[in-house]
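J.: Have a look; sequence and predicted model below, questions after that.
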Amino acid sequence: MNYRTLGRTGWKISEISFGAWAIGGSWGNVSDEESLAALHAALDGGVNFFDTADVYGDGRSERLLAKLKRERKEKFYIATKAGRRLPKQVPEGYTRKNLTAWVERSLKNLDTDSIDLLQLHCPPTEVFYRPEVFGVLDDLVQAGKLRHYGVSVEKVEEALKAIEFPNVQSVQMIFNIFRQRPSELFFQEAQRRKVGILARVPLASGLLSGKITRSSKFAKDDHRNFNRHGEAFDRGETFSGVDFETGLRAVEELKSLAPRNVPLAQLALRWILEFPAVTCAIPGAKRPAQVAENIAASDLKKLPLATMKKIRALYEAEIQPLVHHHW
Ligand SMILES: NC(=O)c1ccc[n+]([C@@H]2O[C@H](COP(=O)([O-])OP(=O)(O)OC[C@H]3O[C@@H](n4cnc5c(N)ncnc54)[C@H](OP(=O)(O)O)[C@@H]3O)[C@@H](O)[C@H]2O)c1
């Protein structure tokens, strides 16, 4: 496992880290036993950074990470998120009172006195124009409740605005073979300001693993069933916002670009790591075998320039027209 520095925190974090949404909820049935085994496998493989949120399984994901901490001695970092407990996503909900209460709840779930990294969880765009919200986060750092804070965003424009606040250490955003716009302007700006980038949905919800087909079935409570068109939350979070059929066709073409013996999921993760502005990719995983496969991407050789160019050409021809202007 290779490590990269996160923003100005001085932390060296694993370039393949762990996304803990699926082990909380909204991805069909998961067993806590298997989820914990996946978390242990991640630590065994050198992962030292885990991304979760207070709303993943209403705290289930955070509590599993607290359990992991009790069961293991090595130091690892946990990034959680706040803001989605609001009944309606309105900027007025991001008050001192609410933020403080959400943080207190996460501290309890995570069984800790101080949260390593708290991220605003895709708030409405208007929140990025309210310095008082970031002032509250500064106060929570002062009070020792947070070590650092960052943001999770939907749009490149929100990311650009967020990093104007000097204490934002990280931006979490969708970045993968099907979502390339962040690399065009934002990466440069983030590097200039020494802000870390967490690449989420790196496998386009599993689509970029190449295992999903037209006949794949998803459970009723799996967002790949209930949010394909953004029925419950931003549609970009499901299959990266790419129309299912188009995505499947593009994946077929991608398969021919993977080096010999390299599974498509590893190609997808390796592609992300080719961008030095990215601190880490945070693939979600429910089972130890998925974790092992994902971690191995860190040790792969750099992708040939010709492969990078072919992936870009495929994106421009088939995916860009559908997604580029949205996020
Ligand atoms: N708004 C936000 O801030 C936000 C939104 C979304 C995600 N996130 C964060 O980003 C993380 C990653 O995104 P994501 O979990 O949505 O999507 P993802 O990482 O693109 O896809 C994860 C899913 O792909 C499948 N998978 C993983 N490894 C695989 C492998 N090696 N081979 C085949 N299939 C594999 C698993 O599902 P199956 O086995 O069921 O197919 C897994 O749950 C989340 O866990 C969360 O921490 C944050």
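T.: Done, it's in. Computed from a predicted model, the values in this text were never measured in an experiment.
J.: What is the helix or strand where residue 136 lies packed up against?
T.: Per DSSP states H and E: residue 136 is located in helix 131-142. Counting contacts by 3 or more CB pairs under 8 Å, 6 or more residues apart in numbering; DSSP states H and E, helix 131-142 is packed against helix 96-110, strand 115-121, strand 146-152. For the C-beta atoms, the positions are set from N, CA and C on the backbone; glycine is no exception.
J.: what about residue 51, distance to residue 208?
T.: 18 Å (CB to CB, to the nearest Å).
J.: OK, contacts around the residue in the stretch 201-327 of the chain that the ligand sits nearest to?
T.: As assessed by CB to the nearest ligand atom, the ligand sits closest to residue 284 within the stretch 201-327 of the chain, at 2.4 Å. Contact analysis of residue 284 by CB atoms under 8 Å, 6 or more residues apart in numbering lists 18, 19, 20, 21, 22, 23, 27, 203.
J.: One more: residue 264?
T.: 208, 209, 210, 251, 254, 255, 258.
J.: show me the contacts for the third one.
T.: Which is residue 210. So residue 210 contacts 251, 254, 255, 263, 264, 265 (CB under 8 Å, 6+ apart).
J.: That one - nearest residue in space that isn't next to it in sequence?
T.: residue 264 (3.6 Å; CB to CB, 6 or more residues apart in numbering).
J.: you'd agree residue 43 is up against residue 76?
T.: Yes: Residue 43 lies in contact with residue 76 (CB atoms under 8 Å); the separation is 6.5 Å.
J.: what separates residue 110 from residue 68, distance-wise?
T.: 10 Å.
J.: Also residue 233?
T.: Distance of residue 233 to residue 68, computed by CB to CB: 26 Å.
J.: Pull the number of nearby residues for residue 316.
T.: Residue 316: 12 surrounding residues under other CB atoms under 10 Å.
J.: pLDDT wise, what is it at?
T.: Residue 316 is assigned a pLDDT of 96 by the prediction.
J.: And for the one 5 residues further on?
T.: pLDDT recorded at residue 321 is 93.
J.: check which helix or strand covers it.
T.: Using DSSP H and E, residue 321 sits in helix 320-323.
J.: Alpha carbons only: can I get that helix in PDB?
T.: Only the C-alpha atoms of helix 320-323 are listed here, as PDB (Å, rounded to 0.1, in the frame of the first residue of the first chain):
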ATOM      1  CA  GLN A 320     -19.100  13.200 -21.400                       C
ATOM      2  CA  PRO A 321     -22.200  14.400 -23.300                       C
ATOM      3  CA  LEU A 322     -24.400  12.800 -20.700                       C
ATOM      4  CA  VAL A 323     -22.700  13.900 -17.500                       C
END
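J.: in it, what's buried?
T.: Of all the residues in helix 320-323, those buried under the rule 16 or more other CB atoms under 10 Å are 320, 323.
J.: Contacts for it, please.
T.: 178, 179, 180, 181, 236, 240, 241, 242, 243, 246.
J.: quick one: which of the residues you listed is most hemmed in?
T.: Of the contacts of helix 320-323, with other CB under 10 Å as the count, residue 178 tops at 29 neighbours.
J.: For residue 70, which three-state class applies?
T.: Put simply, residue 70 is helix when judged by DSSP: H, G, I helix; E, B strand; the rest coil.
J.: how far away is it from the ligand?
T.: 21 Å (CB to the nearest ligand atom, to the nearest Å).
J.: ok, the closest residue to that residue other than its chain neighbours - contacts?
T.: Once flanking residues are discounted, residue 70 sits nearest to residue 111: 7.3 Å by CB to CB, 6+ apart. Counting by CB under 8 Å, 6+ apart, residue 111 touches 66, 69, 70.
J.: and what of residue 91?
T.: Residue 91 neighbours (CB under 8 Å, 6+ apart): 123, 124, 126, 127, 130.
J.: quick one: it from residue 123, how far?
T.: To residue 123, residue 91 is 7 Å away according to CB to CB.
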